[in-house]
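**Student:** Give the three-dimensional model of this entry:
(chains A, B, C and D)
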There are 2 protein chains.
Amino acid sequence: MPPRDQSMETIQRELTAFARRARATAARMHPELSLVSFTVLSHVEDRPGCRATDLAAHYMLDKSTVSRQIATLERLDLVERRVDPDDQRVQVLHLTEAGTATLAQVAASRLAAFQERLGDWDEADLARFAGYLLRYNAAYEADGRP
Amino acid sequence: MPPRDQSMETIQRELTAFARRARATAARMHPELSLVSFTVLSHVEDRPGCRATDLAAHYMLDKSTVSRQIATLERLDLVERRVDPDDQRVQVLHLTEAGTATLAQVAASRLAAFQERLGDWDEADLARFAGYLLRYNAAYEADGRP
DNA sequence: TTCTCTAGGTTGTATTCTACAACCACATGG
DNA sequence: CCATGTGGTTGTAGAATACAACCTAGAGAA
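**Tutor:** Have a look, this model is predicted:
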């Protein structure tokens, strides 16, 4: 097998290994905030006033899934839905104080976990790894999302 | 934020993005073989004669989960369970012909998908990316699996 | 040998995430 | 003013998973 294929197979295998573990690990670390909830919360923090449809498109989730996720987060008082005055169909999303706090806390603990795993990497490697992941995910998004 | 932290945050974010998509993508690409089934099948191919408990330990899954997964794969005639003659409690796992064939086909199509996304990477980058993922996952395994 | 404890697996039950389909409310362009 | 489209919710169903209770078989102790 040519080295290209070898590398690709490794990438495939290792990314898959990561994906397999991610959900369970996230759940174990933060029983209060699933991986998806965390992602949604982060997204809302980044783009206050975004809509459920944006989230669905961005994460390739069904709108019903997003709707329920948001409903849960609202029940937990982590996000707020406000009707958009410009379009009564739309509900714009904002973090509550509790949402901001919870997100900060979980983000910190996630970062700490990553830091433990990546602590002994030198800076150049970290930067390159980050770059590769960005590039990979960008290619993924560009795809017809297969 | 120091560049180290910046890189770590990117790595965290992008790995998470990948993980979020992986299951759905796998399901869309191969309705006949979920991500977990694929993983189990690969494992059995790599280590013919392994036991359900091995799988559970390796993938941090409950033994009941593995039991049902294997039951499903057996129903689909992709794996075989044989009682270990040395220990009647144990069932050793082997791929069937159909299992081998299906796995090969799905693996090829997965590889093709990766190749499409990684096709324009140069060989050195691929090798480095693969190396980083291996290193990251190794650190993960070494962890107390937090 | 027999009894107890442990390990491998299965089954019952409940939860969570997810998709698909049907639906409602509002908006927008003829 | 109506037809069509968009944002969102609800009903329903399926998959993956965990936990707990259980069964069977091996292993070691009394």
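**Student:** What residues of the longest helix along chain A count as buried?
**Tutor:** The single longest helix within chain A, with elements called by DSSP state H, is helix A:3-29. Buried residues in helix A:3-29, counting neighbours by 16 or more other Cβ atoms under 10 Å in any protein chain shown, are found at A:4, A:7-23, A:25-26, A:29. All C-beta atoms are positioned from the backbone trio N, CA, C, and that covers glycine.
**Student:** next one: stretch A:59-67
**Tutor:** A:Tyr59, A:Leu61, A:Val66, A:Ser67.
**Student:** Repeat that for stretch A:72-83.
**Tutor:** A:Leu73, A:Glu74, A:Leu78, A:Val79, A:Arg81.
**Student:** Out of these, which is nearest to B:Asp54?
**Tutor:** Nearest to B:Asp54 among those: A:Leu73, at 38.0 Å, using Cβ to Cβ.
**Student:** quick one: that closest one from chain B, how far?
**Tutor:** Distance of A:Leu73 to chain B, given as Cβ to the nearest Cβ, to the nearest Å: 16 Å.
**Student:** one step back: keep only those of the buried residues of stretch A:59-67 that are in helices.
**Tutor:** Among the buried residues of stretch A:59-67, the ones falling in helices (DSSP H) are A:Tyr59, A:Val66, A:Ser67.
**Student:** pLDDT at the spatially most central residue of chain A, what is it?
**Tutor:** Nearest residue to the geometric centre of chain A (Cα atoms, centre = their mean): A:Thr39, 3.4 Å. Note on A:Thr39: pLDDT of 86.
**Student:** secondary structure element for it?
**Tutor:** Taking DSSP states H and E as the criterion, A:Thr39 maps to helix A:35-46.
**Student:** do the same with A:Thr102
**Tutor:** Assigned by DSSP H and E, A:Thr102 falls within helix A:97-118.
**Student:** what is the orientation angle of the helix or strand of chain A with the lowest mean pLDDT with helix B:35-46?
**Tutor:** In chain A, no helix or strand scores lower on mean pLDDT, DSSP states H and E than helix A:3-29, which sits at a mean of 79. Orientation check (axes from the mean of the first three to the mean of the last three Cα atoms, to 10 degrees): helix A:3-29 against helix B:35-46 gives 120 degrees.
**Student:** so how far is helix A:3-29 from its chain's centroid?
**Tutor:** 16 Å (Cα atoms, centre = their mean, to the nearest Å).
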